[in-house]
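Novice: predicted model, plus sequence, below.
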Amino acid sequence: MDDNHGDSSENQPQSQPSAFEQASLSDYGGDGVDYSPHFQTREVFPTYQAAVDWAREIATPLGFFLTNSSYKKQRNGLPINYMKCDRGERNRGENRDRENATRKNTNSKGCKCTFQISARCLRDMEGWIIKSKKGLKGMHNHPLMVYREGHRQVSGLSPAAKTLVIDMSSAAAKPRHIMAAVKEKFPNESPNKRHIYNVRSRARLDACEGRDVAHQFVHLANEYKYVTWINVDPDTCAITHAFLAHPEMANMLRTYPHVIGMDSTYKTNRYNMPFFELVGVTPTNQNFLIGYAILKSETYESYKWVLEKLQLYIGFEVAPNVFVTDCDWEGRTFCVGRIC
């Protein structure tokens, strides 16, 4: 009798793991909660977009976002569209060679989340309904959203906030002041400084009307009636030297030509080209900007080119008495030669 029973643990059937345990997915911190009941509704939506908007309004407060996934036809030929969690894509960084990669820390937020719902079209195109499945299709394998900042679908700036950013940028307001104004006027939005910078950058691009940086530079100089000389490399068609000055400053310099100060910044721009400034001084110790230039390099030839354009700008009958500069030997050597 004892032999018939044997080991009870061997005779008893093994318990089958749940669908969630059977999934060959990497767990990124999911809570194991089935969220499919939240999307069970009998409401018929007039359009597919109305169904998508309803589903996203349900998903966002729960802490995740829905994106359009795939499309196919039902047996009756009517369309069915799937929406999935925005982290449902594969993790593109899992098979990367991080040792030899140029950007080793680049990764994707995709973690193969299986949450999915569908929007099905009714017969005779009478509307759309939402369907959800329990189990794997209703669970997430990752933590849900805690803060709204930084999430593309809910953070950002509304059209009214973008208008405020553009207006304050036109008034030369700093980004931190713009951010404070946006948060005060639009408390329900969740922007960050990157949104402010993006709006400002987009506004500058729109103002260029399709022109690149060099053409916009020349366009603004002509629009405000600046006197310009531009030297271009014949091989690369890149700007090597540019001199700009306003005509009104020429009259000021002809009146007070006695002292000219000049100096250049140390490549503090995107193109690593020195920005060269020419400043005059009045008898009352007030400075005025004569003109400025963008140079390819701080060489004798560059300074020669700038001061030759300055002489054309003010006329040959005007001769400055003193040039004030720093210890840059190339510029000082040329200035001494010009004065002598």
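Specialist: Good, I have the coordinates. Keep in mind the model is a prediction, meaning the values are calculated, not measured.
Novice: what separates the residue sitting nearest the centre point of the chain from Pro257, distance-wise?
Specialist: The residue lying closest to the centre of the chain (CA atoms, centre = their mean) is Asn198, at 4.8 Å. Distance of Asn198 to Pro257, computed by CB to CB, to the nearest Å: 46 Å. Every residue, glycine included, has its C-beta placed from N, CA and C.
Novice: equivalent analysis for Pro283, please.
Specialist: Distance from Pro283 to Pro257, by CB to CB: 12 Å.
Novice: tell me which of those two has more neighbours.
Specialist: Pro257 (18 against 8; other CB atoms under 10 Å).
Novice: who's in contact with the more buried one?
Specialist: Applying CB atoms under 8 Å, 6 or more residues apart in numbering to Pro257 gives the contacts Gly280, Ile314, Val318, Ala319, Pro320, Asn321.
Novice: need the residues you listed in TSV (columns: neighbour count).
Specialist: Rendered in TSV, the data for the contacts of Pro257 read as follows (neighbours: other CB atoms under 10 Å):
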residue	neighbour count
Gly280	21
Ile314	21
Val318	14
Ala319	12
Pro320	20
Asn321	9
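Novice: Ser36 - how many residues pack around it?
Specialist: With other CB under 10 Å as criterion, Ser36 counts 18.
Novice: show me what contacts it?
Specialist: Residues in contact with Ser36 (CB under 8 Å, 6+ apart) are Ile117, Ser132, Lys133, Lys134, Gly135, Lys137, Gly138.
Novice: emit the PyMOL select command for whichever of those residues are buried.
Specialist: In PyMOL syntax, the buried subset of the contacts of Ser36 is picked out as below (16 or more other CB atoms under 10 Å):
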select buried, resi 117+132+137+138
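Novice: just name the closest of the contacts of Ser36 to Glu308, please.
Specialist: Nearest to Glu308 among these is Ile117, at 72.0 Å by CB to CB.
Novice: name the SS class of that closest one, please.
Specialist: Here Ile117 is recorded as strand under DSSP: H, G, I helix; E, B strand; the rest coil.
Novice: quick check: it touching Asn81?
Specialist: No: checked against CB atoms under 8 Å, the pair Ile117 and Asn81 is beyond contact range at 9.8 Å.
Novice: related to what we said a few turns ago, from the contacts of Pro257, pick the one nearest Asn272.
Specialist: Distance to Asn272, by CB to CB, is smallest for Gly280 among those, at 28.0 Å.
Novice: so the closest one is in which element?
Specialist: Remark: Gly280 resides in strand 275-281, with elements defined by DSSP states H and E.
Novice: ok, now Glu189?
Specialist: Assigned by DSSP H and E, Glu189 belongs to neither a helix nor a strand.
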